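Asker: Got a predicted model here, sequence first, then my questions.
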Amino acid sequence: MTKSLELVIAIIILFSFLFIVVDIYEKPDKSLEINNTVKDLLKLKSQDTEFRELIEDGNTTIIYNNLYTLINSSFTIKICDYIDDNCIIKQELNTINKKAIDYYFADSNKTLSIIFWVE
């Protein structure tokens with residue numbers, strides 16, 4: 001009876017280990033993928049004069065709506081004078097897994113931060 005119980009416990013531990021390994025192995029690094037996508041998108045959008053004017057005006061709602069269909073993750077935006085001074089934030093975030101990408105516009109002295117998180 002004891003050998004059977006030990007065998008069952010060993011099998012449960014083995015399967016638990018296998019599930020954990022498969023779960024870790026099969027998860028692609030989605031944050032890295034989103035990070036690269038957002039950087040490329042910002043490089044492209046920063047060449048648009050309308051987008052630069054929106055940054056200069058600090059209109060977070062219109063900027064968010066423009067980027068909403070292009071970014072495949074939950075995000076919010078923040079526009080600050082210079083680095084972190086006098087910021088306009090679209091919405092406050094209370095999540096833990098968040099990453100920010102900052103893009104500085106030298107002509108208007110503004111920094112656009114796109115803060116996204118992966119669930």
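Answerer: That came in fine, so what should we check first?
Asker: now the lengthiest helix in the chain, how far from the chain's geometric center?
Answerer: Longest among the helix segments of the chain by residue count, using DSSP state H, is helix 2-26. Centroid separation for helix 2-26 versus its chain: 34 Å, with CA atoms, centre = their mean, to the nearest Å.
Asker: got it, and stretch 71-87?
Answerer: The answer for stretch 71-87 is 12 Å, by CA atoms, centre = their mean.
Asker: Can you show me the strands along the protein?
Answerer: Applying DSSP state E to the chain gives strands spanning 74-81, 85-89, 98-105, 110-117.
Asker: could the ones you listed go into JSON lines alongside mean pLDDT, distance to E6 and mean neighbour count?
Answerer: C-beta: built from backbone N, CA, C; applies to glycine. Below are those laid out as JSON lines (pLDDT from 0 to 100; distance: least, CB to CB, whole Å; neighbours: other CB atoms under 10 Å):
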{"stretch": "strand 74-81", "mean pLDDT": "84", "distance to E6": "46", "mean neighbour count": "19"}
{"stretch": "strand 85-89", "mean pLDDT": "67", "distance to E6": "57", "mean neighbour count": "12"}
{"stretch": "strand 98-105", "mean pLDDT": "82", "distance to E6": "45", "mean neighbour count": "16"}
{"stretch": "strand 110-117", "mean pLDDT": "83", "distance to E6": "44", "mean neighbour count": "21"}
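Asker: Of these, which is nearest I11?
Answerer: With respect to I11, and counting by CB to CB, the nearest of the strands of the chain is strand 110-117 at 37.4 Å.
Asker: what angle sits between that closest one and strand 98-105?
Answerer: 160 degrees (axes from the mean of the first three to the mean of the last three CA atoms, to 10 degrees).
Asker: now for strand 110-117, which elements pack on it?
Answerer: Counting contacts by 3 or more CB pairs under 8 Å, 6 or more residues apart in numbering; DSSP states H and E, strand 110-117 packs against helix 30-45, helix 49-57, strand 74-81, strand 98-105.
Asker: May I see these organised as CSV, with distance to I9 added?
Answerer: Converted to CSV, the helices and strands packed on strand 110-117 look like this (distance: least, CB to CB, whole Å):
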stretch, distance to I9
helix 30-45, 35
helix 49-57, 60
strand 74-81, 41
strand 98-105, 40
